[in-house]
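**Q** coords please:
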Amino acid sequence: MAYRIRDVFIALILAIFLAPLVVLISIFIFLFYGRPIFYSEKRVGLHGAVFTIHKFRTLKKAVKTRRTAFDLDGRVAKNGTPDHCRGPFFKVLRRYSIDELPQIWNVLTGDMSIVGPRPMPRRELDYRFGSDAVKITSVRPGLTGLWQISGRNDLPDDQRRALDLHYVEARNSRLDGLILLKTLLAVVSGRGAY
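**A** Purely as a prediction, here's the structure:
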């Protein structure tokens, strides 16, 4: 309950102070690229419940290929690389995680927490964690977490997996506070974000 109260408090503060920025970005996307303004995708949340995550739409329309969701190295294939961004403005949004501001709504609705493991689609969750997926979904996924402050996309899959599992096992208010502080540095540096 204490975690939820903290989440709502922080999310409300963020929503109030960042509302003008969210509105400006929404207007920009609408005027220059039309609708939809947001990219939405189903993710797995607390106790396996499925919810819809929201981000600003920063990528070009995905090119349809016959490739499966996993590439030849076994890594989850993504189209979220800098090459797929619409332009410099959108690369900045992604580099500094501004594209994820709409997820504040997911925190307010209770689908996400401020701190937690990264929310994933079902197939990616099962691929990355296997039988440990139950551990990962024993807590709400977060806007930020150990993975996000430790290098994000620059980390190999096994290290990312270990960080999310460690967070679930060691979760406490002190660790969350440390993650929140380091999140500010990670966002400003833009390291590992693309």
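**Q** Any idea which helix or strand in the chain has the lowest mean pLDDT?
**A** Averaged element by element with mean pLDDT, DSSP states H and E, the chain has its least confident helix or strand at helix 88-95 (a mean of 80).
**Q** Which residues belonging to it are considered buried?
**A** Neighbour-count burial for helix 88-95 flags Phe90, Lys91, Leu93, Arg94, Arg95 (criterion: 16 or more other CB atoms under 10 Å). C-betas here are computed from N, CA, C, even on glycine.
**Q** tell me which of those is nearest to Asp132?
**A** Arg94 (28.4 Å; CB to CB).
**Q** how much space between that closest one and Leu59?
**A** 9 Å (CB to CB, to the nearest Å).
**Q** One more: Leu163?
**A** For Leu163, the distance to Leu59 (CB to CB) stands at 25 Å.
**Q** go on, His47?
**A** To Leu59, His47 is 30 Å away according to CB to CB.
**Q** Give the other helices and strands that the biggest helix by length in the chain contacts.
**A** Ranked by number of residues, the top helix in the chain under DSSP state H is helix 2-33. On a contact count with 3 or more CB pairs under 8 Å, 6 or more residues apart in numbering; DSSP states H and E, helix 2-33 meets strand 50-56, helix 103-108, strand 113-115, helix 173-189.
**Q** swap the cut-off to 6 Å and go again
**A** With contacts taken as 3 or more CB pairs under 6 Å, 6 or more residues apart in numbering; DSSP states H and E, helix 2-33 sits against helix 103-108, strand 113-115.
**Q** how about the nearest residue to Tyr3 once chain neighbours are set aside, what does it touch?
**A** Nearest residue to Tyr3 in three dimensions, chain neighbours excluded: Ser113, at 6.4 Å (CB to CB, 6 or more residues apart in numbering). Residues in contact with Ser113, defined by CB atoms under 6 Å, 6 or more residues apart in numbering, are Asp7, Arg140, Gly142.
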